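> Coordinates for the following, if possible.
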Amino acid sequence: LGYPQLLGCSIHNNLEPKFAFLQDRLQLNDKQLSKMVLGYPQLLCCSIKDNLGPTLDSLTDRLQLNDKQVSKMVMTHPPILWLSIDNNLEPTLEYLTNRLQLTDKQLSKMVLTCPRLLGCSIECNLEPTWEYLTDRLQLDEKQLLKMVMTFPPMLGYSIDNNLE
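Below you'll find the predicted structure:
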């Protein structure tokens with residue numbers, strides 16, 4: 001069993017409510033739900049009240065997304081559901097907005113294209129990559145922003161493993 005903590009979960013009080021919540025909130029069919037849970041079983045140990053609901057609300061409100069867009073984002077990268085709003089999501093969204101001088105629309109587009117950016121460390125990944133690309137490619141910030149908006153995953157790349 002890849003995630004033994006699930007053995008301690010009550011079907012009636014824990015698993016079924018989460019299945020229902022995820023299907024309803026993310027508009028998932030049985031196949032989509034099954035794929036997400038098989039790939040990320042730890043999702044079922046998250047609290048609807050403390051994790052899943054607030055995270056989905058935060059993403060919807062902060063990025064001005066509709067349910068379909070949020071669903072697509074979560075299906076692309078389910079781990080965003082257990083990121084801390086205060087310690088991960090908000091600081092990363094603020095960093096992207098301020099450092100890259102993004103409009104709300106640009107921010108939404110970037111995160112929809114590459115939701116895994118929300119899980120990247122600002123200090124260890126996003127900022128060093130931004131600085132590396134600026135220095136290495138000798139681009140001004142406007143040119144680099146255009147490149148990153150064209151291919152947002154680039155901002156989450158490891159300098160040592162992907163860019164050198």
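> elements contacting the strand or helix carrying Asp61?
Assigned by DSSP states H and E, Asp61 belongs to helix 53-63. The contact analysis (3 or more C-beta pairs under 8 Å, 6 or more residues apart in numbering; DSSP states H and E) places helix 53-63 against helix 16-26, helix 67-76, helix 90-99, helix 104-113. Every residue, glycine included, has its C-beta placed from N, CA and C.
> what about the residue nearest to Pro17 when sequence neighbours are not counted, neighbour count?
Excluding its sequence neighbours, the residue lying closest to Pro17 (C-beta to C-beta, 6 or more residues apart in numbering) is Ile48, at 6.5 Å. Residues lying near Ile48 (other C-beta atoms under 10 Å) number 16.
> can you check the one 10 residues further on too?
A total of 16 residues lie near Ser58 under the criterion other C-beta under 10 Å.
> thought it was touching Asp86?
No: the criterion here is C-beta atoms under 8 Å, and Ser58 misses it with Asp86 at 9.7 Å.
> Need the residues that contact stretch 15-31.
6, 9, 32-33, 36-37, 43-44, 46, 48, 52-53, 56, 67-68, 70-71, 74-75 (C-beta atoms under 8 Å, 6 or more residues apart in numbering).
> So which bits of that stretch are buried?
The neighbour-count check on stretch 15-31 (16 or more other C-beta atoms under 10 Å) flags Lys18, Phe19, Leu22, Arg25, Leu26, Leu28 as buried.
> Now do it, average pLDDT.
In this model, stretch 15-31 carries a mean pLDDT of 92.
> What distance do you get for the closest residue in space to Leu137 that isn't next to it in sequence to Cys114?
Sequence neighbours aside, Leu144 is the residue nearest to Leu137 in space, at 7.1 Å (criterion: C-beta to C-beta, 6+ apart). Separation of Leu144 from Cys114 (C-beta to C-beta, to the nearest Å) stands at 16 Å.
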